[in-house]
Structure formats: C-alpha cells, structure tokens
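sequence plus predicted model, see below.
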Amino acid sequence: MEEGGATAKPRRATGRLCSTCNQRKAALKRPKTLEQICRECFYSVFEDEIHNVIMDNNLFKPGERVAVAASGGKDSTVLAYVMSELNRRHNYGLDLFLLSVDEGITGYRDDSLETVKRNEIEYGLPLKVVSYKDLYGWTMDEIVKTIGLKNNCTFCGVFRRQALDRGAALMKADKLVTGHNADDIAETVLLNILRGDIARLSRCTFITTGEDGPIPRCKPFKYTYEKEIVMYAYFKKLDYFSTECIYSPNAYRGFAREFIKDLERMRPRAILDIIRSGENFRTATSTKMPEQGTCERCGYISSQKLCKACLLLEGLNRGLPKLGIGRARGTNGLNKRVEQRNLRPERTGSSIESKQCGTLDF
Amino acid sequence: MASCGGRGGECHQSRCQRSEEDGGAEEEMRERVASLSVACDLPTSSATGDGALDRCTKCGETVAAAAPRAINGLCAACFRAYLFGKFKLAVTANAMISPTDNVLVAFSGDPASRVALQFVHEMQRLSLKNWDASKSQALPVFGVGVAFIDESAISICPLHETNKVIAQIRSIVSTLSPAHKELHIAPLENICSMSSTDGRIRLNELLDSVTDATGKEDFMKYLRMLTLQKIALDNGYSKLLLGSCTSTIACHVISATVKGQGYSLPGDVQYVDARWEVPVVLPLRDCTAEELSKLCHLDGLELLQLVKRPSNSINSLVSSFVARLRDENPSRERTIVRTAEKLRPFCFNKFVENTYHEFVPSRLRCKFQNINNSETALSEVLCPLCGSPLSEPEVQSLRNIQEKTPTLVENFTAHCCQSCSFQILPMGAESLQQFYTVLPQSVTVRVTGGTSDHSQLRELIGDCLLVDDDDDDDDDDDDDGT
C-alpha cells in the first residue's frame, strides 16, 4: 500500500502540475490509472466514479431506507462517509443509517465498534448494533473457547450474514450496502475459477444481489480500488480501525490476494479486467438457483429445512461443533444427509462475505 | 479403451539420449535404468528378487519398489496406456482425426508436443496395421506431417545452436516410421515477407512497436499460429494438432481472465477450434504437464533444449501462480480447466457433422459423442490481433465506428478487442499507422474482408450447406451423457 501514492506526495513536491486541472501541484499518483493528480481532483474523481456507478446501475430509489454495513474498517468507514456525502450532494433522498454487528470478540470488535460510534456522531448517521450474543446466545469468544480456532470463521461468516439481514429487517431497511471493493470482487472471481464454482462465478460480479430476498445488498465500491480507498481515508483523515481479527490473523493474505497485488503492480487495470471478464463469462443461462424457502426454526430464508445458522447453532448447543461444516462425513450418520443438503443454501451469493476472516480453503 | 493397452515395451526406446544439461543427471540415470528394467520385467511378470516389491494399482503386476512409480502408483506400462487412452478418447470422441485427414503436428520440442507427436505416430501406425490386415482397404490412413517454427530471427540463440536443434528434430522425425512424415521448418519471419532478410527486419520492427511485454508475447503467439496455419494451408493439411495440455490451458484460463478476455475464453479451451482456415485440435487437453514429462522421461523421448528468454510478463506471473497452486493441490489445474469447460463454447468449437464426413462411407464414420449442437451459429466478429470473438459491447462500438466511414487503420483498430487495443496496439495515430503498414498481410486481410466475418464465409459456401441453423438437427443428445 505504501509505494503507490501516499509516499509519492513528498517526492513530487518539486512541482509537476495535476494532469486533470493543470493548476494545482500533483500530490499523488492515482493507483487506478497512474495519472498524477492533486488531492482535490482525486477526491472529485473518486466520488464521481462512485456516483456514476450508483446512477448507471440504478442502485437506489428516492425515499429508500438504506443500511450501511459498518465494521469500523477502512472500506466501510469510507463507504459511510462517501454515501452520506453523495446523498447530500446529489439529493438521492436516502434515509441512511449505520448497521454494525458485534461478534463478541474482545480486543477486536469492541475497539472497532468504538470507531463506528465516533463516526455515528461525526457523520450524523444513526447506528444500530446487533450482537451475536443477542441473536444466537453465543459470542465469538465463547464459540472459539468451545470449538477452537478451526472452522471458527465459518461460524462467524454465516452468523454475520444473517445478523446483517436481521438488523436491517429490524430497522425496516430497504437495502443494505457493503464496502466490498474491486480488489475483493476480482479475488472472488479468481477463487471461484480455482474452485470450479461456476454458479457463483456467474453471480459474484453482480452489483446487487438478493433482489428476490427480503433485503437486497449492493456494492457501490464494485469498481473502486482498495488502494484508492485507503488513499481517500488517508487524505481525508478519516477515523478507521485497522487491526486484523485476532482469530484469523493473515487470513487476508491468501494466494489469490497476493497474486492480485502483484498483478496490480504490473498492470493496474488488471483488477478491472478481471471484473470485466467475470461479467462477460458466457455462463449457461440456466444456472440453477436453489429454491428459496424459509427456515422452520427461525423463519430466515433457506432452501433447506433449517438455515445454515440454525444448523451450526444446533451443533454448538448439542456439543457437535462439526455439524454443518464442510463436505465432511465427520458427524454421525443421521446428520449426514441434513448436513450435505445444507451445504448449498446459505453460501448462495455470499462468497465474499467471508472477506473479514476469509475462509479461503487452501 | 482396452485397445490402447499393451504398448508396454514396444514403443520404448532403448536408446535414450536425453541431454546432459538436465540437472541431477546421476539420479536421472538411475531412474532411467530402473524404468527400463520395469519395462523388461513386465511381460514375464517376474519379480526382481532384490529389495521391496510393490504392485501396480491397475494391473497388479509386481514391480520393484525402486522403479519410479508413475503417477497414482501405476507401473510404467499402465501409465503409458492411461495417457494414450486419454489422448485417444479425446481424438475419437471429438472426431478430431478422420481417415481422410492430413494432420500437421506442431512441434516445439517441449514434452507436451513431443508426446503429441509420439501418440499421433502410434495411432497412425495402428491404423496402418489395420489397413494392411483389412480385406477391403476402403478406409485410407490419415497422413502426418510435423511443423517446427524457427524463431532465430528474434531470439538470442546463436546460429550453430539453432542448426543443432534443427538437426535434432530431423533425427527425431526420421525415427518415427513406418509412414513417412514430412518435416516443415518455417522461420517466423516468413509471415512478414518471403525474403528472409526483409522478413527479419519487418518482424523486428513489428515486435518493437509493441511496448507491453505481455502484449508482445501474446502477439508472438498469434504470429506463430499464423505461421502454422500458413504451413498447413500451403501443404494441404486438413488439421493442425497442438500439444496444449491441462497445465498450459489452466494458465491460459487465468491469464485470459486477467486480461479481460472472459468473453472469448471458452473458445480457446475446447478440443476443437475451427475458427481458423485449418481447424486446430487439442487432444492432450486432459493430460497435465507433469504427466507428459513423466512419460517422456519413462520412454526416453528426446526433448529439445531451447533457450527460454527471461520474461516479466503477466503470462509468467500467472504461470508461477498456477505452479504455486499446483504445489498446494495437484489437481488444481484440472479444476481450473473444468471451470472454463463449463462456460458456453462458440459455434466454431465443433465440426459440423453434415459436411464433415463427405468422403467416408457411412459405416465408418466416427461418432460425435461430445458435441452439443445447441449453440446457434451466430457469426462472430474475430479480433484480427488475437482471433478472439468480440463481445457484444465491443461489436456495438465497432458498428458505431463503421457508420462514420473510417479509414483503413481506424477500421482495423476498431476490429481489435479491448485487450489487444490496450496491450498490442501502439498509442498515437502516427505509430499506429506505422504499425499497420508493417503488419503481415495475413493479419490485415482479416479485417478488409477476409475471414474475420463468418457470414461472408457462409455466403461463399452457402450453396453447399444443407441446413441454415445448426441447432435444429440434434435434439437427441441424450446418448452422449457418458
């Protein structure tokens, strides 16, 4: 992250002009295009691009209530800031609020939630926090204490996805926006190729998912580079939290992630090219979507009897933590079928959900 | 499949002459000797008395544990049969080679193309044997030729090295008998001009104007293909056979994705690619590079030692990424290729059954097993710099430009796909013009009315086509679910 723009500032002090406005001194090299531009031009090109993505894809309708998923990290902090800024500037007419999930991880989430609370005041956006403890009766700390550090990210990922949906429903939101950026989506495209998952490969570049579900999710940062998000946060001096989850340090540094960083260094537009490839793949028009039903226990959308979260929860409560995990035949015969059938539903469309603690399986 | 077995000892070259440059010569020697002893032991199934014994997981023959276990614990003979089986299945299931064909094998000297050559040779030998034995001798035996592209014009390799390599190829090809195989050695610069010196100058000028390292590599690959096509056309070949294996295709899948060529990707990964004048077939698509080099090693197939130029392109980054993935999980390459297989191929990825069998008696026609005719034969516009079909938005912008009566160069650049426009076409009108003038005619002709438009081709042969659509005659594809 360092070699790009942030440090370019002092070096360029000798006075090359911004290639966009030709008036001010260039302060940075834009990661996406390598143009040398000034800060003001960077802000406007950064914000305008996101605005255009929102308009071109008709992401919102006036009057909608929109939840901004906020973890306190760089992506969601910049998202909250930019969304409230654009909403004001372009009169989207959106009713925005912050939605956070408290997984119950001492020394990580409690600190990052403090950041979100500060942003609540600074941006004037109301904040709703839903906690695993309230929803499921378990904190991540307790889960890790019970099952150890293996598969804990599966629990966290499944629970978070549902927690966000529930929080949004509780607050009567019409839409949920997440801070997934271009790097994340490019990585997901690659991972789905590596895994042979054609169904998810065809969906993972959609800017809006779950339109048939209760609360559609969209990604306004679909074409925004991670590096530019960091740069924006840096120059705007936004208050964000940048510690990795204590239960999955380095989960971020998968092979694919590293590869994408190398690529970006060699050819910045490669990230956009990967997304374009993902959008243009000639997938069969009939990708089977599992039939949507509702979970018998909690009423959440599920294609099986029980939703994935309830299944995992049952495993936890019955002391069978492997219930519902992986393709394993680890558990007793009775559960095997349920388990295998349950493999599909909840993963649908959620392949990048695991971003925070990326359960990249190699 | 049973027919492909039993090749145990016979094709085994006892005189292996792998060059010394290969690292770990000593260990190799030991392994080679061991592999020879496997091959000799097999027919008698007698166990060598010394040391531990082990059984082949397929035939159950006892083999010395010291012998190199080919992949999956197979003995050398079973391993060879397994690979040849994959090759033969690909050939027959996709109707790659028909008896009337004249097949040109592209030979680069790497393990994959070496095995391709060897397998094609074996298939031809078997056909000849059948022909000799058959009463009617109605079915002709397909012909085989070998092509090698001499890239000395652009390589750092000294002349005497090149000559040595060429002599080596001649000796390899001459050992493949019965049935004479013609060897065509064509310099890459031939594609630019028939005169050697002029060609060299033009080729270098052309490649120098491509500044992007990846673009240059990809463009060279395309020129190579054009050269092969030219050889095939000039010498009356009806199929061009490449040794692309799972590993190279896996790398291509990732690098095409990275270059934004997701739309055209499925066209490149099929067994059959008939978008060229001479259709290209990839019978080794299901074998990995590891398997192929193992086979070369076991059989003592001679390889060429070609100097690899150092590369800092996206392609080399991708291949090191894929290599890393393979180390983590050996079947990763296959998974990658399988993903790409699930994408919808193009209409040029199959032979059209109606016109294919013209000269073959019906009872001898090969069965089209894997061919799904559901794809409508929409005319694809192909990029003149890489042969990729253009995606819908690309075609749309091409139409927009064509409405404005563009110049020749403008028209040409409008035909290029986004990826080539970025990594191959030079910036600026002047250098673009210069680039266009040095382009080989076989490239520019693709835009000015040549083959880039399928509908024009269709018009030419329209009076011989029996059906308008290729999709209304094949609903019974339920028998191909094997």
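Perfect, I can see it now.

use CA for all of it now, contacts and neighbours both
Noted.

flag every residue of the stretch 251-400 of chain B that's near chain A.
Contact residues, the stretch 251-400 of chain B versus chain A (Cα under 8 Å from any Cα of the partner chain): B:254, B:257-263, B:265-266, B:314, B:317, B:321, B:328, B:332, B:335-336, B:338-340, B:342-345, B:391.

how many residues are close by residue A:314?
When neighbours are counted by other Cα atoms under 10 Å in any protein chain shown, residue A:314 registers 16.

in terms of pLDDT, where does whatever residue of the stretch 51-200 of chain A ends up closest to chain B sit?
Here the stretch 51-200 of chain A gets closest to chain B at one residue, residue A:196, 4.5 Å apart by Cα to the nearest Cα. At residue A:196, the predicted lDDT confidence score is 90.

interface residues of chain A facing chain B?
Near chain B, when you scan chain A using Cα under 8 Å from any Cα, you find A:190, A:193-198, A:255, A:259, A:263, A:266, A:270-284, A:362.

what values do phi and psi take at the closest residue to residue A:283 other than its chain neighbours?
In this structure, residue A:283 finds its nearest non-sequential neighbour in residue B:343, 4.9 Å apart by Cα to Cα, 6 or more residues apart in numbering or on different chains. Phi and psi for residue B:343, reported as degrees, to the nearest 10, are phi -80, psi 160.

on that earlier part again, just the buried members of the residues of the stretch 251-400 of chain B next to chain A?
Neighbour counting by 16 or more other Cα atoms under 10 Å in any protein chain shown classes B:254, B:257-263, B:265-266, B:314, B:317, B:321, B:332, B:335-336, B:338-340, B:342-345, B:391 among those as buried.

so which of those residues sit within helices?
Those of these mapping onto helices are B:254, B:257-258, B:265-266, B:314, B:317, B:321, B:332, B:335-336, B:338-340, per DSSP state H.

name the helix or strand of chain A that has the lowest mean pLDDT.
Across the helices and strands of chain A, mean confidence by mean pLDDT, DSSP states H and E is lowest for helix A:333-341: a mean of 40.

who are the contact partners of the most centrally placed residue in chain A?
Taking Cα atoms, centre = their mean, the centroid of chain A lies closest to residue A:180, which sits 3.9 Å from it. Residue A:180 sits next to A:75, A:219-222 when contact means Cα atoms under 8 Å, 6 or more residues apart in numbering or on different chains.

which of those residues ranks first by neighbour count?
residue A:221 (28 neighbours).

quick check: phi and psi on that one?
Here is the backbone geometry of residue A:221 (degrees, to the nearest 10): phi -90, psi 20.

thought it was touching residue A:49?
No. Taking contacts as Cα atoms under 8 Å, residue A:221 lies outside contact range of residue A:49: 9.2 Å.

low-confidence stretches in the stretch 201-350 of chain A?
A:249-253, A:285-290, A:326-350 (pLDDT under 70).

can you map out the strands along it?
For the stretch 201-350 of chain A, the strands defined by DSSP state E, counting those that start in this stretch cover A:208-209, A:217-218, A:293-294, A:301-302.

switch those strands over to a markdown table; also include distance to residue A:119 and mean neighbour count.
Converted to a markdown table, those look like this (distance: least, Cα to Cα, whole Å; neighbours: other Cα atoms under 10 Å in any protein chain shown):
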| stretch | distance to residue A:119 | mean neighbour count |
| --- | --- | --- |
| strand A:208-209 | 26 | 19 |
| strand A:217-218 | 21 | 23 |
| strand A:293-294 | 35 | 16 |
| strand A:301-302 | 32 | 22 |
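
of all these, which one is nearest residue A:84?
Residue A:84 lies closest, by Cα to Cα, to one member of the strands of the stretch 201-350 of chain A: strand A:217-218, at 15.7 Å.

so what does the nearest residue to residue A:107 once chain neighbours are set aside look like in phi/psi?
Residue nearest to residue A:107 in three dimensions, not counting chain neighbours: residue A:246, with 7.7 Å by Cα to Cα, 6+ apart. In this entry, residue A:246 is assigned phi and psi values of phi -70, psi -20 (degrees, to the nearest 10).

before we move on, what about residue B:445?
Per-residue torsions, residue B:445: phi -70, psi -20 (degrees, to the nearest 10).

need the pLDDT of it.
The model reports residue B:445 with a pLDDT of 82.

what residues of stretch A:196-210 count as buried?
A:196-209.

distance of residue A:268 from residue A:197?
Applying Cα to Cα, to the nearest Å, the value for residue A:268 to residue A:197 is 26 Å.

ranges for the helices of the stretch 251-362 of chain A?
Taking DSSP state H, counting those that start in this stretch, the helices of the stretch 251-362 of chain A run over residues A:255-266, A:270-280, A:308-317, A:333-341.

deepest of the ones you listed, which one?
helix A:270-280 (a mean of 24; mean count of other Cα atoms under 10 Å in any protein chain shown).

what's the local residue count around residue A:269?
20.

what does residue B:160 give?
So residue B:160, with other Cα under 10 Å, has 9 neighbours.

which SSE is it in?
Using DSSP states H and E, residue B:160 falls within helix B:159-175.

how far is that helix from where the chain is centred?
Chain-centre distance of helix B:159-175: 21 Å, with Cα atoms, centre = their mean, to the nearest Å.

could you measure from residue B:303 over to residue A:101?
Remark: distance between residue B:303 and residue A:101 (Cα to Cα) = 60 Å.

neighbour count winner among these two?
residue B:303 (24 against 21).
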